[in-house]
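>>> Pasting a predicted model and its sequence here:
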Amino acid sequence: MRKPKRKLRGSKRISRRGLMLVLSSPSGAGKTTLSRRLLEKDKSIELSISVTTRPRRGGEVHGRDYHFTNPARFREMRRKGELLEWAEVFGNHYGTPRAPVERALSAGKDVLFDIDWQGANQLRRKVRNDLVTIFVLPPSAPELHRRLRTRAQDSEAVIRRRMAEAAKEISHWEEYDYVVVNFDVQDALGELRTILAAERQKRTRQVGLSNFVRKLKKKL
């Protein structure tokens, strides 16, 4: 029978600052599915809940999927600096509330963002040191079209518009730190988790590392 591993006396995790993990892709490439599965697998990351002016879809819950609001309130949030980023997509506005993100990062919690390239660019200008960006690509144009149709959420006219917009969105792939091609959801999820694990270990994010090394040296 294998003996249980002995826990090191006085051991504890080195404190670190949380990071902001951005996933972007054209509609239908799979970033929402990947985001959901990543949240299920990793309890050290939480989803940033965007505020939006678009109508609520069937099954969506206010405060869980989005914070649904009206255009006037959205403009007020922008004016008061309450949004880290915002963008207009297909005639609707989306934005990231600032306060909950800053609280999470300070507490060493990672925050996941499901936003487009416009929002990612705004975050780069404001919080570059906290940011890790990943662009998710579909394996092919026909597969992207198939995924959009099987979602059964949009009309044919909207699907055609999303396909036309996809080329414009994909043209921004070089602006991202990493690119993941979603051939298979499980494989793509594994790649995302590998990136996240490596980024968490960066020296600059481990704010308690200097103190840990100083104490370590005194014991040598």
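Alright, I've got the coordinates. Predicted, not measured: the structure shown is a model, and the values here were computed from it.
>>> I'd say V101 and L21 touch.
No: applying CB atoms under 8 Å, one finds V101 not in contact with L21, separated by 11.6 Å. No exception for glycine: its C-beta is placed from N, CA and C like everyone else's.
>>> phi, psi of the closest residue to Q206 other than its chain neighbours?
Closest residue to Q206 apart from its sequence neighbours, by CB to CB, 6 or more residues apart in numbering: R16 at 4.6 Å. In terms of degrees, to the nearest 10, the main-chain angles of R16 are phi -140, psi 160.
>>> overlap in contacts of V101 and L21?
Residues touching both V101 and L21 (CB atoms under 8 Å, 6 or more residues apart in numbering) are V111.
>>> Between these two, which has more neighbouring residues?
Neighbour count, other CB atoms under 10 Å: between V101 and L21, L21 has more, with 24 against 21.
>>> show me what contacts the more buried one?
Contact analysis of L21 by CB under 8 Å, 6+ apart lists I45, D110, V111, L112, F113, V132, I134, L196, E199.
>>> how about 7 Å then?
With contact set as CB atoms under 7 Å, 6 or more residues apart in numbering, L21 has these partners: I45, D110, L112, F113, V132, L196.
>>> What is the neighbour count of the spatially closest residue to D65 that is not a sequence neighbour?
Using CB to CB, 6+ apart and skipping the chain neighbours, the partner closest in space to D65 is I49 (7.6 Å). Neighbour count of I49, defined by other CB under 10 Å: 16.
>>> residues in contact with R162?
Per CB under 7 Å, 6+ apart, neighbours of R162: S27, G28, L148.
>>> Assumed it was part of a strand.
No: applying DSSP: H, G, I helix; E, B strand; the rest coil, one finds R162 to be helix, outside a strand.
>>> Please report the distance of G95 from D42.
According to CB to CB, to the nearest Å, G95 and D42 sit 25 Å apart.
>>> Between these two, point out the one with more neighbours.
Set G95 next to D42 and count neighbours by other CB under 10 Å: G95 wins out with 23 against 15.
>>> Surely the more buried one touches K80?
No: G95 is beyond contact range of K80, at 11.8 Å (criterion: CB atoms under 7 Å).
>>> List phi and psi for the residue nearest to D65.
Torsion angles, degrees, to the nearest 10, at I49: phi -90, psi 110.
>>> So what's the predicted local confidence for it?
Listed pLDDT for I49 reads 93.
>>> Touching, it and H67? I think so.
Yes: in this structure, I49 is within contact of H67 by CB under 7 Å, at 5.9 Å.
>>> returning to what we had before: to what extent is the residue nearest to Q206 buried, counted in neighbours?
Neighbour count for R16, taken as other CB under 10 Å: 18.
>>> same deal with I195?
16.
>>> gap between it and E102?
According to CB to CB, I195 and E102 sit 23 Å apart.
>>> got a list of what P139 touches?
Per CB under 7 Å, 6+ apart, neighbours of P139: V181, N182, F183.
>>> tell me which of those residues is nearest to A166?
Proximity of the contacts of P139 to A166 (CB to CB) peaks at N182, which lies at 13.3 Å.
>>> This protein: helices as residue ranges?
Per DSSP state H, the chain carries helices over the ranges 31-41, 71-79, 98-106, 117-127, 141-151, 156-170, 185-200, 209-219.
>>> Right, I'll leave it there.
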